[in-house]
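In: Quick one, what's the 3D model for this:
(chains A and B)
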Amino acid sequence: DIQMTQSPSTLSASVGDRVTITCRASQSIAGWLAWFQQKPGKAPKLLIYQASTLETGVPSRFSGSGSGTEFTLTISSLQPDDFATYYCQQYNTYYTFGQGTKLEIK
Amino acid sequence: QVQLVQSGPEVKKPGASVKLSCKGSGDTFSTSSIHWLRQAPGQSLEWLGWNNADNGHSESSQSFQGRVTFTRDSSANTAYMELSSLRPEDTSVFYCARAVACNNVGCLHFDSWGQGSLVTVSS
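Out: Residues are numbered from 1 along each chain as shown, chains lettered A, B, ... in the order given. A predicted model of the protein is given here:
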(Lines give C-alpha, C1' and ligand atoms only; values in the text may rest on other atoms or scores of the structure.)
Protein backbone atom coordinates (compact mmCIF):
# COMPACT_ATOMS: atom_id res chain seq x y z
CA ASP A 1 0.00 0.00 0.00
CA ILE A 2 1.10 3.55 -0.67
CA GLN A 3 1.31 5.53 2.57
CA MET A 4 0.60 9.25 2.60
CA THR A 5 2.12 11.43 5.33
CA GLN A 6 1.03 15.01 5.90
CA SER A 7 2.77 17.70 7.89
CA PRO A 8 2.06 19.43 10.08
CA SER A 9 -0.82 17.64 11.80
CA THR A 10 -2.04 20.94 13.22
CA LEU A 11 -1.39 24.43 11.94
CA SER A 12 -2.33 27.63 13.76
CA ALA A 13 -2.60 30.71 11.57
CA SER A 14 -4.38 34.05 11.25
CA VAL A 15 -6.65 35.52 8.61
CA GLY A 16 -4.48 36.87 5.80
CA ASP A 17 -1.58 34.47 6.43
CA ARG A 18 0.02 32.37 3.72
CA VAL A 19 0.12 28.72 4.73
CA THR A 20 1.59 25.58 3.22
CA ILE A 21 0.77 21.95 3.94
CA THR A 22 3.09 19.17 2.82
CA CYS A 23 2.17 15.65 1.74
CA ARG A 24 4.68 12.88 1.11
CA ALA A 25 4.02 9.56 -0.59
CA SER A 26 5.87 6.37 0.35
CA GLN A 27 6.60 5.77 -3.34
CA SER A 28 6.23 7.76 -6.53
CA ILE A 29 2.67 8.58 -7.52
CA ALA A 30 3.60 10.85 -10.46
CA GLY A 31 1.00 13.64 -10.27
CA TRP A 32 -1.93 11.51 -9.18
CA LEU A 33 -2.79 13.50 -6.08
CA ALA A 34 -5.85 15.34 -4.86
CA TRP A 35 -6.45 17.73 -1.98
CA PHE A 36 -9.70 17.89 -0.02
CA GLN A 37 -11.11 20.28 2.57
CA GLN A 38 -13.39 18.91 5.26
CA LYS A 39 -15.42 20.79 7.84
CA PRO A 40 -16.95 19.13 10.92
CA GLY A 41 -19.96 16.98 10.09
CA LYS A 42 -19.54 17.50 6.35
CA ALA A 43 -18.25 15.44 3.45
CA PRO A 44 -14.84 16.20 2.00
CA LYS A 45 -14.78 18.81 -0.73
CA LEU A 46 -12.42 18.48 -3.70
CA LEU A 47 -10.05 21.43 -4.02
CA ILE A 48 -7.27 20.29 -6.34
CA TYR A 49 -6.63 17.24 -8.52
CA GLN A 50 -3.71 16.02 -10.58
CA ALA A 51 -1.51 17.77 -8.01
CA SER A 52 -2.08 21.29 -9.33
CA THR A 53 -5.41 21.59 -11.17
CA LEU A 54 -7.94 23.73 -9.34
CA GLU A 55 -11.44 22.25 -9.21
CA THR A 56 -14.13 24.47 -10.76
CA GLY A 57 -15.46 26.99 -8.28
CA VAL A 58 -12.54 26.75 -5.84
CA PRO A 59 -11.00 30.15 -5.04
CA SER A 60 -7.69 30.94 -6.69
CA ARG A 61 -6.00 31.49 -3.31
CA PHE A 62 -5.68 27.69 -3.20
CA SER A 63 -2.84 26.17 -5.21
CA GLY A 64 -1.07 22.84 -5.38
CA SER A 65 2.30 21.71 -6.61
CA GLY A 66 4.63 18.74 -6.67
CA SER A 67 5.17 15.42 -8.35
CA GLY A 68 6.66 12.05 -7.53
CA THR A 69 6.65 11.79 -3.77
CA GLU A 70 6.41 15.36 -2.45
CA PHE A 71 3.46 17.70 -2.78
CA THR A 72 2.26 20.95 -1.26
CA LEU A 73 -1.03 22.76 -0.82
CA THR A 74 -0.73 26.52 -0.38
CA ILE A 75 -3.38 28.99 0.67
CA SER A 76 -2.10 32.41 -0.29
CA SER A 77 -4.21 34.56 2.05
CA LEU A 78 -6.30 32.75 4.65
CA GLN A 79 -9.97 33.61 4.84
CA PRO A 80 -12.28 32.80 7.80
CA ASP A 81 -13.97 30.06 5.74
CA ASP A 82 -10.65 28.23 5.24
CA PHE A 83 -10.29 26.98 8.81
CA ALA A 84 -10.93 23.27 8.38
CA THR A 85 -9.10 19.96 8.04
CA TYR A 86 -7.22 19.24 4.82
CA TYR A 87 -6.43 15.82 3.39
CA CYS A 88 -4.20 14.71 0.55
CA GLN A 89 -5.14 11.56 -1.35
CA GLN A 90 -3.26 9.49 -3.92
CA TYR A 91 -5.00 7.68 -6.75
CA ASN A 92 -1.96 6.20 -8.48
CA THR A 93 -2.53 2.77 -6.95
CA TYR A 94 -5.89 2.33 -5.34
CA TYR A 95 -6.76 5.21 -3.03
CA THR A 96 -5.17 6.28 0.23
CA PHE A 97 -5.38 9.45 2.28
CA GLY A 98 -3.03 11.35 4.51
CA GLN A 99 -3.87 11.62 8.19
CA GLY A 100 -5.08 15.20 7.80
CA THR A 101 -3.93 18.69 8.75
CA LYS A 102 -6.18 20.70 11.02
CA LEU A 103 -5.94 24.40 10.25
CA GLU A 104 -6.85 26.40 13.36
CA ILE A 105 -7.31 30.05 14.09
CA LYS A 106 -4.36 31.49 16.00
CA GLN B 1 -21.27 16.96 -11.24
CA VAL B 2 -23.78 14.49 -9.92
CA GLN B 3 -25.62 15.01 -6.62
CA LEU B 4 -25.46 12.02 -4.27
CA VAL B 5 -27.91 11.49 -1.39
CA GLN B 6 -27.23 8.73 1.12
CA SER B 7 -29.51 6.77 3.42
CA GLY B 8 -29.93 7.63 7.08
CA PRO B 9 -28.08 6.59 10.23
CA GLU B 10 -28.03 2.97 11.34
CA VAL B 11 -27.43 1.27 14.68
CA LYS B 12 -26.37 -2.36 14.50
CA LYS B 13 -25.26 -5.07 16.89
CA PRO B 14 -21.91 -6.81 16.48
CA GLY B 15 -22.12 -9.59 13.90
CA ALA B 16 -24.96 -7.97 11.98
CA SER B 17 -24.88 -6.55 8.45
CA VAL B 18 -25.74 -3.09 7.18
CA LYS B 19 -26.78 -2.03 3.69
CA LEU B 20 -26.43 1.62 2.75
CA SER B 21 -27.77 3.38 -0.30
CA CYS B 22 -26.51 6.26 -2.42
CA LYS B 23 -29.00 7.83 -4.82
CA GLY B 24 -27.75 9.96 -7.67
CA SER B 25 -29.50 12.73 -9.51
CA GLY B 26 -29.16 13.58 -13.14
CA ASP B 27 -28.71 11.48 -16.24
CA THR B 28 -24.97 11.12 -15.63
CA PHE B 29 -25.46 8.68 -12.75
CA SER B 30 -25.81 5.69 -15.04
CA THR B 31 -22.27 6.30 -16.31
CA SER B 32 -20.84 7.22 -12.89
CA SER B 33 -18.65 4.75 -11.07
CA ILE B 34 -19.36 4.92 -7.35
CA HIS B 35 -16.76 4.40 -4.64
CA TRP B 36 -17.35 3.85 -0.96
CA LEU B 37 -15.18 5.21 1.85
CA ARG B 38 -15.44 5.46 5.58
CA GLN B 39 -14.23 7.75 8.33
CA ALA B 40 -14.05 6.56 11.92
CA PRO B 41 -14.54 9.24 14.59
CA GLY B 42 -11.59 11.64 14.59
CA GLN B 43 -9.78 9.66 11.91
CA SER B 44 -8.84 10.02 8.27
CA LEU B 45 -10.63 8.45 5.33
CA GLU B 46 -10.38 4.83 4.26
CA TRP B 47 -11.33 3.41 0.86
CA LEU B 48 -13.58 0.31 0.88
CA GLY B 49 -14.05 -0.32 -2.82
CA TRP B 50 -16.07 0.54 -5.91
CA ASN B 51 -18.62 -0.48 -8.47
CA ASN B 52 -17.64 0.09 -12.10
CA ALA B 53 -20.49 1.64 -14.08
CA ASP B 54 -18.97 0.55 -17.41
CA ASN B 55 -18.87 -3.20 -16.83
CA GLY B 56 -20.77 -3.67 -13.57
CA HIS B 57 -17.76 -5.21 -11.86
CA SER B 58 -16.88 -4.46 -8.26
CA GLU B 59 -13.58 -4.38 -6.44
CA SER B 60 -12.91 -4.07 -2.76
CA SER B 61 -9.94 -3.13 -0.67
CA GLN B 62 -8.05 -6.15 0.65
CA SER B 63 -8.93 -4.95 4.14
CA PHE B 64 -12.62 -5.62 3.46
CA GLN B 65 -12.53 -8.54 1.04
CA GLY B 66 -15.15 -11.12 1.85
CA ARG B 67 -17.04 -8.69 4.04
CA VAL B 68 -18.28 -6.01 1.65
CA THR B 69 -20.52 -6.09 -1.41
CA PHE B 70 -21.23 -3.30 -3.91
CA THR B 71 -24.27 -3.28 -6.14
CA ARG B 72 -26.32 -0.79 -8.12
CA ASP B 73 -29.84 -0.43 -9.47
CA SER B 74 -29.49 1.68 -12.58
CA SER B 75 -33.25 2.01 -12.99
CA ALA B 76 -33.39 3.66 -9.56
CA ASN B 77 -30.15 5.65 -9.98
CA THR B 78 -28.98 4.05 -6.73
CA ALA B 79 -25.78 2.36 -5.59
CA TYR B 80 -25.57 0.12 -2.52
CA MET B 81 -22.87 -1.04 -0.13
CA GLU B 82 -23.41 -3.93 2.26
CA LEU B 83 -20.93 -4.61 5.05
CA SER B 84 -21.26 -7.81 7.06
CA SER B 85 -19.87 -9.23 10.30
CA LEU B 86 -19.92 -5.79 11.87
CA ARG B 87 -17.73 -5.07 14.87
CA PRO B 88 -17.60 -2.03 17.16
CA GLU B 89 -14.51 -0.71 15.35
CA ASP B 90 -16.60 -0.43 12.18
CA THR B 91 -18.44 2.51 13.75
CA SER B 92 -17.90 5.23 11.16
CA VAL B 93 -19.44 7.67 8.77
CA PHE B 94 -19.64 5.94 5.40
CA TYR B 95 -19.47 8.01 2.22
CA CYS B 96 -20.23 7.29 -1.40
CA ALA B 97 -18.30 9.29 -3.97
CA ARG B 98 -18.29 9.59 -7.73
CA ALA B 99 -14.96 9.18 -9.48
CA VAL B 100 -14.03 10.60 -12.84
CA ALA B 101 -12.30 9.03 -15.82
CA CYS B 102 -12.71 5.40 -14.80
CA ASN B 103 -11.60 2.40 -16.83
CA ASN B 104 -11.48 -1.30 -16.00
CA VAL B 105 -8.40 -0.74 -13.82
CA GLY B 106 -9.38 2.24 -11.76
CA CYS B 107 -10.38 5.86 -11.65
CA LEU B 108 -8.98 9.32 -11.14
CA HIS B 109 -10.15 11.71 -8.44
CA PHE B 110 -13.45 11.82 -6.54
CA ASP B 111 -15.40 14.93 -7.51
CA SER B 112 -18.80 14.45 -5.87
CA TRP B 113 -19.60 13.04 -2.44
CA GLY B 114 -22.72 12.01 -0.59
CA GLN B 115 -23.47 13.62 2.74
CA GLY B 116 -22.43 10.51 4.68
CA SER B 117 -24.26 7.79 6.61
CA LEU B 118 -23.37 7.18 10.26
CA VAL B 119 -23.21 3.52 11.22
CA THR B 120 -22.91 2.76 14.91
CA VAL B 121 -22.03 -0.78 15.99
CA SER B 122 -22.77 -1.45 19.62
CA SER B 123 -24.14 -4.22 21.76
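In: which of the residues in stretch A:38-50 are buried?
Out: If you call a residue buried by 16 or more other CB atoms under 10 Å in any protein chain shown, then stretch A:38-50 has these buried ones: A:Gln38, A:Ala43, A:Pro44, A:Lys45, A:Leu46, A:Leu47, A:Ile48, A:Tyr49. Heads up, the C-betas are built off the backbone N, CA and C, glycines and all.
In: Kindly report the residues of chain B close to chain A.
Out: Within chain B, the positions near chain A by CB under 8 Å from any CB of the partner chain are B:35, B:37, B:44-47, B:61, B:95, B:106-111, B:113-116.
In: Give me the buried subset of those residues.
Out: Buried among the residues of chain B next to chain A by 16+ other CB under 10 Å: B:35, B:37, B:44-47, B:61, B:95, B:106-107, B:109-111, B:113-114, B:116.
In: Now do B:Asp27, the pLDDT please.
Out: B:Asp27 carries a pLDDT value of 68.
In: so where do the helices sit in chain B?
Out: Counting by DSSP state H, chain B has no helices at all.
In: Over to chain A?
Out: Going by DSSP H, chain A shows no helices.
In: Spell out which parts of it neighbour chain B.
Out: Residues of chain A lying near chain B (CB under 8 Å from any CB): A:32, A:34, A:42-46, A:49-50, A:55, A:87, A:89, A:91, A:94-100.
In: rerun at 7 Å
Out: A:34, A:43-44, A:46, A:49, A:87, A:91, A:94-100 (CB under 7 Å from any CB of the partner chain).
In: if I look at B:Ile34, how far off is A:Gly64?
Out: Computed as CB to CB, to the nearest Å, the B:Ile34 to A:Gly64 distance reads 25 Å.
In: Next up, the contacts around A:Ala84.
Out: A:Gln37, A:Gln38, A:Lys39, A:Leu103 (CB atoms under 7 Å, 6 or more residues apart in numbering or on different chains).
In: Just read off the phi/psi values of it.
Out: phi -170, psi -170 (degrees, to the nearest 10).
In: hang on, the earlier thing: which ones among the residues of chain A next to chain B are found in strands?
Out: A:Ala34, A:Leu46, A:Tyr49, A:Tyr87, A:Thr96, A:Phe97 (DSSP state E).
In: And the closest residue in space to the second one that isn't next to it in sequence, how far from A:Phe97?
Out: In this case it means A:Leu46. Closest residue to A:Leu46 apart from its sequence neighbours, by CB to CB, 6 or more residues apart in numbering or on different chains: A:Glu55 at 4.8 Å. Computed as CB to CB, the A:Glu55 to A:Phe97 distance reads 17 Å.
In: cool, and B:Lys12?
Out: 25 Å.
In: what about those two, which has more around it?
Out: Shown here are B:Lys12 and A:Phe97; by other CB atoms under 10 Å in any protein chain shown, A:Phe97 has more neighbours (22 against 17).
In: in the chain, which segments are predicted with low confidence?
Out: Using chain A here. By pLDDT under 70, chain A contains no weakly predicted segment.
In: You answered for a different chain; I wanted chain B.
Out: B:27.
In: Let's check: the centremost residue of it is which one?
Out: B:Trp36 (2.8 Å; CA atoms, centre = their mean).
In: surely that residue meets B:Phe94?
Out: Yes: when contacts are counted by CB atoms under 7 Å, B:Trp36 is listed as touching B:Phe94 (6.5 Å).
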